[in-house]
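Q: predicted model follows, preceded by the sequence.
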Amino acid sequence: MVAQARIFPRGSGEMMTRSPVKVTLSEGPQHVAQFKDSDRQFDLTQEKELVALRQEIELRMKNSVKDGQTVSSDVISLSVRGPGIQRMVLVDLPGIISTVTSGMAADTKESIHDMLTHYMSNPNAIILCIQDGAIDAERSIVTELVSDIDKEGKRTIFVLTKVDLAEKASTNPNRIKQILDGKLFPMKALGYFAVVTGKGNLNDSIDDIRKYEQEFFRGSELFRSGSLKPSQLTTQNLSFAVSDIFWQMVRGSIEQQADTYKASRFNLETEWKNNFPRLRELDRDELFDKARGELLDVTMALGEITPKHWEDAISKLLWKRVSNHVFKNIYLPAAHSEDAGAFNTRVDIELRNWAEQQLSKLSVEVGLQTLQNEFGTLVEQDSKKNDHDVIYDDVISCVQTESLSRHSWLPSNKENLRVIQFNTLEDRSVHDKQQWDAAVQFMEGILQEKMKEVDKNINELTGPSTTEKWVYWKSQSQEQNDRCKTKEELDKIIQSDVKHKDTLTPDEVTTVRRNLFMKNVEVDDKFVQETWNPIYRKHFLQRSLNLAQECRKGFFHYQRGFNETGPQCHDIVLFWRIQRMLHLTSNALRQQIVNTEVRRLEKEVKEVLDDFMEDEKKKKKLLYGRRVELAEELKRVRRIQEKLEDFIAALNKEK
C-alpha cells in the first residue's frame with residue numbers, strides 16, 4: 001500500500017522536496033497517515049485524502065523553509081499504518097543538484113549535499129540511489145556521492161527511473177543493461193532495479209501508473225530480448241527487495257547485538273563468581289523481598305515473648321522513670337513528718353495527685369518504649385545470626401524506624417489504667433507476710449542504690465581516702481581538704497542529734513564556720529550547706545535502712561495496728577503500695593501490648609514495606625553496592641539476550 005499510495009508531492013521540472021520527510025511505517029487496522037503534531041488521519045484508500053495529504057506536506061515544506069533559503073533541514077514527521085505493513089522508517093530527501101538556478105539560495109547545493117550525507121551516513125540506513133533514466137549517465141552526480149559513503153555497496157539499492165523514456169531515447173539498448181548489471185556507474189549496490197513512474201500526467205491514479213508500468217515492460221524490446229531480468233523490473237519487485245534487505249540488516253544487527261550481550265553476560269557472570277561465590281544473584285527487588293520476609297519474621301517473634309518477660313521489662317523501665325519522683329517528691333518529704341499520721345497524710349495526698357495527673361500518661365509512654373525496645377532487641381538478635389545477610393541492614397533499620405515513628409498507643413485503655421493505678425495506690429492493706437517481705441526487700445534495694453550514689457558524691461567532694469593516697473598515689477585538692485574538715489564538723493552535729501532535720505539552723509552554720517576558722521579553714525555559708533546536703537542524705541538513708549531491717553519482722557505489729565511498743569513501719573507500707581502499683585501497671589500494659597499493640601505494629605511494618613517497595617529511589621538508597629548493581633546488570637543483560645535470541649529464532653522461522 002505504501003508503494004502504491006503517492007504520498008509525496010510531485011512536480012515536473014522543478015524541485016518539490018525541500019525538506020526531509022520522515023515516514024514511520026507500522027502495523028495497523030486501517031491504511032491511514034497522520035502527522036506527528038496533528039490528530040487528523042488521512043485515509044490512504046481515498047484519492048481525495050491522498051491529494052489533501054500531499055498538499056499538507058507541500059505546505060509544511062514551504063513553511064519550514066526560512067526566508068532567503070531554498071531547502072530546510074527541519075523534519076516533517078508522519079506515520080503510516082495499515083494491515084501487513086512492516087515496521088521501518090522511510091526518509092524522502094531533496095534530490096542532489098549540479099547547478100544553482102535563479103531564485104535559489106547560493107548555498108542550496110552545499111545544503112542538500114550536507115543533508116544527504118548526514119542521513120546516508122547512518123550505518124543502519126538503506127540508501128535508494130535514484131537515477132533518472134531520461135538523462136545521460138555521464139551527467140549523474142548522485143552515484144558519486146553514494147559511492148563515497150557506501151563504498152562496498154552493502155546497503156545501497158540502485159533504482160533507474162523513467163526507463164520508458166530511456167528506451168525511446170537510447171541509440172544503444174545495451175547501455176540500460178550495463179546500468180542494471182552495475183557495470184556503467186563507478187559504484188556498488190546490493191541490487192539494480194528499473195521502474196516506470198507513469199507518463200508524467202499528474203492526474204494519473206496509482207492504478208493507472210501501475211498498469212502502464214506492467215504494459216511497458218511486457219512490450220519492452222529490452223525485456224523481450226532477454227537483456228533485462230524480470231526480477232529487476234517494476235516497483236513491486238523493488239519494494240520486495242527493500243523489505244528483504246531491511247530484514248537482512250535487522251537480522252545482522254540483532255545477531256551482532258546478541259553476540260555482544262552474550263560476551264557481556266559471560267564477563268558479568270565471571271565477576272560474580274570471583275567476588276560473590278556461594279551467593280545467589282538477587283536483584284534489588286528480590287533482595288527487598290528477602291529483607292521483608294526477615295523483618296516480618298522478627299515482628300511475629302514479638303508475639304512469642306513470654307508475659308513474664310514483658311512485665312519485668314515494663315516494671316524495670318517504669319521504675320527507672322518514676323524512682324526519682326517517688327523518692328524526692330513523696331518519700332523524703334513524708335519521712336520528715338513529725339508523726340505517723342502526718343506521714344500517711346502526706347503520702348496519700350502526693351500519691352493521689354500523682355495518680356490523677358501524671359502517672360497514667362507516663363505509664364503509656366513506658367509501655368510504648370518497652371515495645372520499641374523489645375522490637376529493637378529482636379532485630380539486633382536477628383542481625384547476629386549466622387545466616388543473616390548484612391545487605392539487608394539498612395532496609396530493616398529504615399523500616400523499623402519508620403514503623404515505630406508511625407505507631408502510637410491506642411488511648412482507649414488509658415482511663416482504665418488511671419483508675420487501676422489510683423485504686424492501687426489508695427490501698428494500704430498489705431495482704432500477707434510474703435508481700436510484706438517483698439516490700440521490705442524492694443525498699444532496701446532502693447535505699448542501697450541511693451546510698452551508693454551519695455557515697456560517690458561525698459567521695460568526689462572530699463577526695464581520696466588515706467588508703468587511696470598511699471596505694472594509688474593520689475592527693476587532695478585544697479577545696480577537697482576544706483570539704484573533709486567541714487564534713488568532720490557536720491558529722492558531730494548529726495552524732496549529737498540523730499533525729500536532726502534536713503536543714504541547718506543559722507546558729508549551727510555559724511558554729512561550724514567558727515570551728516573551721518580555728519583550724520585555719522575559711523568557708524562561707526553556701527560551702528557549709530553544700531557539704532551538709534549529701535552528708536545528711538547519707539545519714540537519712542542509713543536510718544531508713546536500719547528501719548527496714550527492724551521492720552523485717554514487723555508484719556505482726558502491722559496487723560495489730562502499729563502499737564507504741566513495736567517499730568513504726570509506715571515506710572514499708574508506702575513502698576508496698578508503689579511496688580503493687582508497678583506490678584498491676586505492668587500487667588495491664590502487657591495485656592495491651594500482647595492483645596493489641598503487637599498486631600498494630602505488625603500491620604504498620606507491612607504498610608511501610610509496601611510503601612518502600614513502590615519507591616524506587618528509596619530502594620536504591622537502601623540497597624546499594626557492587627553486589628546489587630552487578631545482579632541488576634546481570635538480570636538486564638540476560639533478559640535482553642533472551643529477547644534477542646527469541647527475535648532471531650522468529651526471524652529464522654519467518655524466513
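A: Noted; the coordinates are in hand.

Q: any idea how far residue 92 is from the closest residue to residue 32 other than its chain neighbours?
A: Nearest non-adjacent residue to residue 32, counting by CB to CB, 6 or more residues apart in numbering: residue 41, 4.4 Å away. Quick note: C-beta positions are derived from backbone N, CA and C, even for glycine. Distance, residue 41 to residue 92, using CB to CB, to the nearest Å: 20 Å.

Q: mind listing what's buried in the helix or strand containing residue 652?
A: Element membership for residue 652 (DSSP states H and E) is helix 626-654. Using 16 or more other CB atoms under 10 Å as the test for burial, helix 626-654 gives 627-628, 630-635, 637-638, 640-641, 644, 647-648.

Q: in a helix, that's where residue 113 is, yeah?
A: Yes - judged by DSSP: H, G, I helix; E, B strand; the rest coil, residue 113 forms part of a helix.

Q: got the contact list for it?
A: Listed by CB atoms under 8 Å, 6 or more residues apart in numbering, the contact set of residue 113 reads 96, 145.

Q: would you point out the helix or strand in this protein whose mean pLDDT is lowest?
A: Ranked by mean pLDDT, DSSP states H and E, the helix or strand of the chain with the weakest confidence is helix 221-224, at a mean of 72.

Q: what's in contact with it?
A: If you take CB under 8 Å, 6+ apart as the criterion, helix 221-224 is touched by 167, 173, 176, 177, 217, 228, 230, 233.

Q: thought residue 406 was touching residue 608?
A: Yes - assessed by CB atoms under 8 Å, residue 406 is found in contact with residue 608 at 7.0 Å.

Q: hang on, the earlier thing: and the contacts of helix 221-224, which two are furthest apart?
A: Within those, two members stand farthest from each other by CB to CB: 173 and 230, at 17.0 Å.

Q: more neighbours, the two?
A: For residue 173 and residue 230, the more surrounded residue by other CB atoms under 10 Å is residue 173, and the numbers stand at 15 against 10.

Q: number of residues surrounding residue 109?
A: For residue 109, the neighbour count with other CB under 10 Å is 18.

Q: ok, and for the helix or strand harbouring it, which residues are buried?
A: Per DSSP H and E, residue 109 falls inside helix 108-120. Under the neighbour-count criterion of 16+ other CB under 10 Å, helix 108-120 has 108, 109, 111, 112, 115, 116, 120 buried.

Q: just those residues now: which is nearest residue 520?
A: Of all those, residue 520 sits closest to residue 115, with 108.8 Å by CB to CB.

Q: is it true that that closest one touches residue 17?
A: No - with contacts counted by CB under 8 Å, residue 115 stays clear of residue 17, the gap being 10.4 Å.

Q: what is in contact with these two at once?
A: Listed as contacting both residue 115 and residue 17 by CB under 8 Å, 6+ apart are 93, 94.

Q: quick check: end-to-end length of stretch 425-433?
A: Stretch 425-433 has an end-to-end distance of 19 Å (CA to CA, to the nearest Å).

Q: and that stretch, what's buried?
A: Within stretch 425-433, the residues scored as buried using 16+ other CB under 10 Å are 425, 430.

Q: how far off centre is that stretch?
A: 57 Å (CA atoms, centre = their mean, to the nearest Å).

Q: residue boundaries of the helices in the stretch 351-500 of the chain?
A: Using DSSP state H, counting those that start in this stretch, the helices of the stretch 351-500 of the chain run over 360-383, 393-406, 414-426, 433-462, 466-472, 478-496.

Q: before we move on, the earlier item: give me the more crowded residue out of residue 41 and residue 92.
A: Ranked by neighbour count (other CB under 10 Å), residue 41 and residue 92 place residue 92 first, with 18 against 14.

Q: now that one: closest residue in space that isn't a chain neighbour?
A: Per CB to CB, 6+ apart, closest to residue 92 is residue 21, 4.3 Å.

Q: for that neighbour, list each beta-bridge partner.
A: For residue 21, the beta-bridge partners are residue 76, residue 92 (DSSP bridges).

Q: just the CA trace of the helix or strand residue 160 falls within, in CSV.
A: Using DSSP H and E, residue 160 maps to strand 156-161. C-alpha atoms of strand 156-161 as CSV (Å, rounded to 0.1, in the frame of the first residue of the first chain):
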residue,chain,number,x,y,z
THR,A,156,22.6,0.6,-1.4
ILE,A,157,19.9,-0.2,-4.0
PHE,A,158,20.2,1.4,-7.4
VAL,A,159,16.9,2.5,-9.0
LEU,A,160,16.7,3.6,-12.6
THR,A,161,13.5,5.6,-13.2
